[in-house]
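J.: Quick one, structure for this:
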Amino acid sequence: MNQFLYDGTPEGLVSAIASILDGGGDPMQAHLAVRQDTLFEEGLFLRTDSAMAEALFERLRQRSPDAVYTLWYFMMAEADDLETSLLRYIALAFEHGDRVNGYLTHPDVKAIVATARKAGRELHRMKGLLRFEQLRDGTWLARMEPDHNIIQPLAQHFSKRLRGQTWFICDLRRRSAVRWDGHALSFGTLEQFSRPDVSEEEKAVRQMWQSFFKTIAIPERKNPRLQKSNMPAKYWKYLTEKQGE
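T.: Now for the predicted structure:
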């Protein structure tokens, strides 16, 4: 049987791929998809095995570190219908090592690498575009609605950059949040956190920053196309300097 199903979780996906590869079948002939629990659904359901998923990560890390990074970014992308491509990509990574990311003429490699790069670019971009605002209780809050599920690596980044403050990052699209208390990160849902009003100092800083942003602008050199290339309009909603435009 070349049709396989899994539970739809990231861990379940990696576990299913490990099971298929360890089973000795031809991954290039296999097809992997999320189980839909429909009446006429065909395929062997592969149960999630955390130990098997971890073992696959470790073997892949030894064989192709670049592929592990690609897999990490790919998981952030939450891409649909690419499970079979990921299976074949990992099989090729075990065969060719770090050279696999150069085989962009292969449709499955191209799909996985392109998807991973999109997530990686957004993560890098949000490190510069995320805006924290001070709340009345002295904590700091940053809101975002990214295309990809990047809250965990983003939080790790700011836990090193803003170690002395207590802050929250909220992903409003996924209703998820993370809190840094100065010592550790705590992940949860938005329902677990309340949002106080911003402080008076924050309101003053906003006004000053907006005035500064407008003052330093040179009308003759204004290039909306270039600006949107570096700072896409979809992120402007939470950028202090773009409020009111």
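J.: only C-alpha atoms for contact and neighbour calcs from this point on.
T.: OK.
J.: Which pLDDT does the model give the residue lying closest to residue 28 once chain neighbours are set aside?
T.: Nearest residue to residue 28, sequence neighbours excluded (C-alpha to C-alpha, 6 or more residues apart in numbering): residue 88, at 6.0 Å. pLDDT for residue 88: 97.
J.: what helices or strands is the helix or strand harbouring residue 88 leaning on?
T.: Assignment of secondary structure by DSSP states H and E places residue 88 within helix 83-96. For helix 83-96, the elements it packs on are helix 10-22, strand 31-34, helix 50-63, helix 107-129, judged by 3 or more C-alpha pairs under 8 Å, 6 or more residues apart in numbering; DSSP states H and E.
J.: Any chance of a markdown table for these, columns mean pLDDT and distance to residue 144?
T.: A markdown table is the format used below for the helices and strands packed on helix 83-96 (pLDDT from 0 to 100; distance: least, C-alpha to C-alpha, whole Å):
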| stretch | mean pLDDT | distance to residue 144 |
| --- | --- | --- |
| helix 10-22 | 96 | 22 |
| strand 31-34 | 96 | 28 |
| helix 50-63 | 96 | 30 |
| helix 107-129 | 96 | 9 |
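J.: mind putting the ones you listed in TSV, mean neighbour count included?
T.: Putting the helices and strands packed on helix 83-96 into TSV (neighbours: other C-alpha atoms under 10 Å) gives the following:
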stretch	mean neighbour count
helix 10-22	21
strand 31-34	20
helix 50-63	16
helix 107-129	18
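J.: Quick one, which of the ones you listed gets closest to residue 231.
T.: Closest to residue 231 of the helices and strands packed on helix 83-96 is helix 107-129 (C-alpha to C-alpha; 7.7 Å).
J.: need the next SSE after that closest one, C-terminal direction.
T.: Heading C-terminal from helix 107-129 (DSSP H and E), you reach strand 132-134.
J.: partner strands of that following strand, parallel or antiparallel?
T.: strand 140-144 (antiparallel) (DSSP bridges).
J.: Output the strand it pairs with in CSV with nothing but the alpha carbons.
T.: In CSV, the C-alpha atoms belonging to strand 140-144 read as follows (Å, rounded to 0.1, in the frame of the first residue of the first chain):
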residue,chain,number,x,y,z
TRP,A,140,5.3,45.7,26.8
LEU,A,141,3.1,44.3,24.1
ALA,A,142,3.7,43.5,20.4
ARG,A,143,0.9,42.4,18.1
MET,A,144,1.2,40.8,14.7
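J.: re earlier: quick one, which of the helices and strands packed on helix 83-96 gets closest to residue 149.
T.: helix 107-129 (8.1 Å).
J.: Taking helix 83-96 as reference, get the angle to the closest one.
T.: 100 degrees (axes from the mean of the first three to the mean of the last three C-alpha atoms, to 10 degrees).
J.: My understanding was that residue 185 contacts residue 179; is that so?
T.: Yes. Between residue 185 and residue 179 there is a contact at 5.5 Å, judged by C-alpha atoms under 8 Å.
J.: and those two? which has more neighbours close in?
T.: residue 179 (21 against 15; other C-alpha atoms under 10 Å).
J.: Would you mind splitting this structure into its domains for me?
T.: Segmentation of the chain into domains, based on automatic domain parsing, reads 3-121, 130-242.
J.: what about the last one, start to end distance?
T.: Think domain 130-242. 13 Å (C-alpha to C-alpha, to the nearest Å).
J.: Pull the distance from it to the chain's centre.
T.: 17 Å (C-alpha atoms, centre = their mean, to the nearest Å).
J.: Give me the helix or strand of the chain that scores worst on average pLDDT.
T.: helix 200-216 (a mean of 71; mean pLDDT, DSSP states H and E).
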